[in-house]
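J.: Using only what follows, build the 3D model:
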Amino acid sequence: MDTLVSYTGPEDTADGSARLTLDSPHNRNALSSRLVAQLHAGLRDAAADPNVRVVVLGHTGKTFCAGADLSEAAGGDPGELAADRAREMAALLRAIVESPRPVIAAVNGHVRAGGMGLVGACDIAVAGPASTFALTEARIGVAPSIISLTLLPKLSARAAARYYLTGEKFGATEAAKIGLITLAAEDVEATVAGLVADLRLGSPQGLAASKALTTAAVLAGFDRDAERLSVASARMFVSAEAREGMLAFLQKRPPSWAG
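T.: Numbering: from 1, shown residues only. Here you go, the predicted model:
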């Protein structure tokens with residue numbers, strides 16, 4: 001099986017962190033089922049290693065994560081496939097939030113769709129000057145449903161309304177201003193290394209318990225809304241408007257919306 005997420009334990013990293021690196025640049029680190037499974041496995045390995053105090057989630061290539069791997073949508077009932085993928089995404093985001101280890105996102109590339117949810121799920125997020133962010137779902141007839149579980153608790157209400165609706169692109173400085181990321185940095189690796197050094201001063205119990213205080217409300221949102229949002233997301237994904245929006249995107253033309 002191809003390695004789409006590489007895992008490096010603390011014995012092999014310069015700063016003693018565990019490193020999970022999205023390593024599927026050929027499809028912009030899209031969230032295929034295999035990549036998601038490997039990311040789950042890496043999170044479990046980090047949680048089981050008593051020497052791990054912190055996990056750093058990074059990437060290769062110019063894109064941190066472009067969202068779902070749409071090439072996996074073929075075959076089977078479209079509605080059921082879409083619902084299964086939505087549930088898969090919700091489970092992945094929850095795994096990051098529930099991890100007893102603090103997770104730092106180290107981003108210096110483009111972030112879209114499900115990638116935005118990954119950033120929101122991390123406890124701390126650092127983004128560099130090559131980073132761009134956008135929530136373009138409304139432009140293709142859908143909505144950022146599942147990723148709202150991790151984004152809405154982080155974004156200011158005004159910023160969420162603006163960027164959910166306009167789909168406009170913004171950079172790391174704006175992302176820090178609105179709460180999507182923690183820090184905009186010229187040197188992502190150096191900034192992350194400093195954060196790791198601070199986190200490694202904490203005890204495993206102290207870090208896990210302190211993180212749990214900050215994530216309790218987010219997890220309550222998963223309990224309350226994840227299934228409802230998965231069903232709603234699937235319904236939109238197979239709608240006529242979404243089909244037109246995605247086709248228009250692929251054909252590089254303006255969509256023709258009914259009504």
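
J.: For the rest of this, base every contact and every neighbour count on C-alpha atoms.
T.: OK.

J.: which regions of this structure sit below the pLDDT cut-off?
T.: Counting by pLDDT under 70, the ranges of the chain that qualify are 1, 70-78, 259.

J.: which one's the longest helix in it?
T.: Criterion DSSP state H: the longest helix present in the chain is helix 204-237.

J.: what helices or strands is that one leaning on?
T.: helix 78-98, helix 148-151 (3 or more CA pairs under 8 Å, 6 or more residues apart in numbering; DSSP states H and E).

J.: Distance to residue 227 and mean neighbour count for those - can I get that in a markdown table?
T.: A markdown table is the format used below for the helices and strands packed on helix 204-237 (distance: least, CA to CA, whole Å; neighbours: other CA atoms under 10 Å):
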| stretch | distance to residue 227 | mean neighbour count |
| --- | --- | --- |
| helix 78-98 | 7 | 20 |
| helix 148-151 | 11 | 24 |
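
J.: Which among these is found nearest to residue 37?
T.: Closest approach to residue 37 among the helices and strands packed on helix 204-237 is made by helix 78-98 (8.7 Å; CA to CA).

J.: Output the closest one as PDB, nothing but the C-alphas.
T.: Output of helix 78-98 as PDB, limited to C-alpha atoms (Å, rounded to 0.1, in the frame of the first residue of the first chain):
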ATOM      1  CA  PRO A  78     -24.600   8.400  -5.000                       C
ATOM      2  CA  GLY A  79     -26.600   9.400  -1.900                       C
ATOM      3  CA  GLU A  80     -25.300   6.600   0.200                       C
ATOM      4  CA  LEU A  81     -21.700   7.100  -1.000                       C
ATOM      5  CA  ALA A  82     -21.900  10.800  -0.200                       C
ATOM      6  CA  ALA A  83     -23.300  10.100   3.300                       C
ATOM      7  CA  ASP A  84     -20.600   7.600   4.000                       C
ATOM      8  CA  ARG A  85     -17.900  10.100   3.000                       C
ATOM      9  CA  ALA A  86     -19.500  12.800   5.100                       C
ATOM     10  CA  ARG A  87     -19.500  10.400   8.100                       C
ATOM     11  CA  GLU A  88     -15.900   9.400   7.400                       C
ATOM     12  CA  MET A  89     -14.900  13.100   7.400                       C
ATOM     13  CA  ALA A  90     -16.700  13.700  10.700                       C
ATOM     14  CA  ALA A  91     -14.900  10.700  12.300                       C
ATOM     15  CA  LEU A  92     -11.500  12.000  11.100                       C
ATOM     16  CA  LEU A  93     -12.100  15.500  12.500                       C
ATOM     17  CA  ARG A  94     -13.300  14.100  15.700                       C
ATOM     18  CA  ALA A  95     -10.200  11.900  16.000                       C
ATOM     19  CA  ILE A  96      -8.000  15.000  15.900                       C
ATOM     20  CA  VAL A  97     -10.200  16.800  18.400                       C
ATOM     21  CA  GLU A  98     -10.300  13.800  20.800                       C
END
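
J.: I appreciate the help and will end here.
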